[in-house]
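**Student:** How does the following fold in three dimensions:
(chains A, B, C and D)
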Number of protein chains: 2
Amino acid sequence: MKSKTPINDSFRAIADPTRRAVLDLLSEGEWKVNDLVGRFRMTQPAMSQHLRVLKQAGLVNSRRAGRERLYRIRPDQLKPIADWVGQYERFWKRKLRGLGEFLEKEK
Amino acid sequence: MKSKTPINDSFRAIADPTRRAVLDLLSEGEWKVNDLVGRFRMTQPAMSQHLRVLKQAGLVNSRRAGRERLYRIRPDQLKPIADWVGQYERFWKRKLRGLGEFLEKEK
DNA sequence: TTGACACATAAGCATTTGCTTATGTATTAT
DNA sequence: ATAATACATAAGCAAATGCTTATGTGTCAA
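**Tutor:** Take a look at the predicted model:
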């Protein structure tokens, strides 16, 4: 069987465009589920399932407020992803400076 | 039907741990397919399929060399991902400075 | 030219994913 | 207490994913 690492869960979680859009909305502040549903062509259970994936990946938190449930982002949990992609940042930074063509031609 | 954007393909491509590991290897330079196969517990067709996904996402290039085929990374294609994750960078940077607790408590 | 090599592609299959329509579970309103 | 609201969870299903074992296709070697 395959081991599921949390870091892997994060990458998988943001692979879905709906979930990325949800994170973008949550970056503005807390949202209740029904308000999120109203932003997508999707039923409420579908949204709840996306939120569960995000929660299991550690990318969001939730709290009760009466009979509503408010989700908030945990943006620091995106740092492992930023770190991984950041490994490659130097490549396009060099390219933007125009002194990185050697990589294209090396070998 | 759902439209498949290239940016979405990139996120999906790096969702798989094998493909991320391949990209990490390719960041050292060009690799031939069989050498990549030797690094994973996987058949050659499986690796070729991973490489195809990476190629369709624009994350790698390939060229023939005799009867071998050499793959190289196109790291600048990761920039859209870096940009998206980078939107959230300020959150954990603020947190590291210790002056970002307000976000935890706001509302 | 014939065979071996390096790789891609096809076909098949089990698992996962993303959605739907029920249905369950708190919480609030009456 | 009862009904309505807000959401989660279960079950079912089509499509996508990741792998496998054939089987192509192009290149080199004999």
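**Student:** Show the model's pLDDT score for the residue at minimal distance from the centre of chain A.
**Tutor:** By CA atoms, centre = their mean, the mean C-alpha position of chain A lies nearest to A:Ile14, the distance being 4.0 Å. Note on A:Ile14: pLDDT of 98.
**Student:** That one against A:Ile81, yeah?
**Tutor:** Yes. Counting by CB atoms under 8 Å, A:Ile14 does reach A:Ile81; the two are 7.0 Å apart. All C-beta atoms are positioned from the backbone trio N, CA, C, and that covers glycine.
**Student:** Can you check which residues contact both of the two?
**Tutor:** Residues touching both A:Ile14 and A:Ile81 by CB atoms under 8 Å, 6 or more residues apart in numbering or on different chains: none at all.
**Student:** For chain A, what lies in contact range of chain B?
**Tutor:** Residues of chain A lying close to chain B by CB under 8 Å from any CB of the partner chain are A:5, A:8, A:11-12, A:14-15, A:17, A:20, A:24, A:27, A:29-30, A:73, A:75-76, A:78-79, A:81-82, A:84-89, A:91-92, A:95, A:106-107.
**Student:** which residues sit in contact with the residue nearest to A:Leu25 when sequence neighbours are not counted?
**Tutor:** Distance criterion CB to CB, 6 or more residues apart in numbering or on different chains; nearest residue to A:Leu25, sequence neighbours excluded, is A:Trp31 at 5.8 Å. Counting by CB under 8 Å, 6+ apart, A:Trp31 touches A:Leu25, A:Leu70, A:Tyr71.
**Student:** Next one: A:Trp31 from B:Ile81, what distance?
**Tutor:** Noted for A:Trp31: a distance of 24 Å to B:Ile81, by CB to CB, to the nearest Å.
**Student:** now do A:Arg67
**Tutor:** From A:Arg67 over to B:Ile81 (counting by CB to CB), the distance is 38 Å.
**Student:** Tell me the pLDDT of A:Asn90.
**Tutor:** Careful, residue A:90 is Arg and not Asn. For A:Arg90, pLDDT reads 89.
**Student:** burial of it, as a residue count?
**Tutor:** 11 (other CB atoms under 10 Å in any protein chain shown).
**Student:** Pop out the phi and psi values for it.
**Tutor:** Backbone torsions of A:Arg90, given as degrees, to the nearest 10, read phi -60, psi -30.
**Student:** which of the contacts of A:Trp31 tops the neighbour count?
**Tutor:** Result: A:Tyr71 is most packed of those (other CB under 10 Å), 22 neighbours.
**Student:** Wait, that one touches A:Ala65, no?
**Tutor:** No. Using CB under 8 Å, A:Tyr71 is not in contact with A:Ala65, being 10.8 Å away.
**Student:** overlap in contacts of those two?
**Tutor:** Joint contacts of A:Tyr71 and A:Ala65 (CB under 8 Å, 6+ apart) are A:Lys32.
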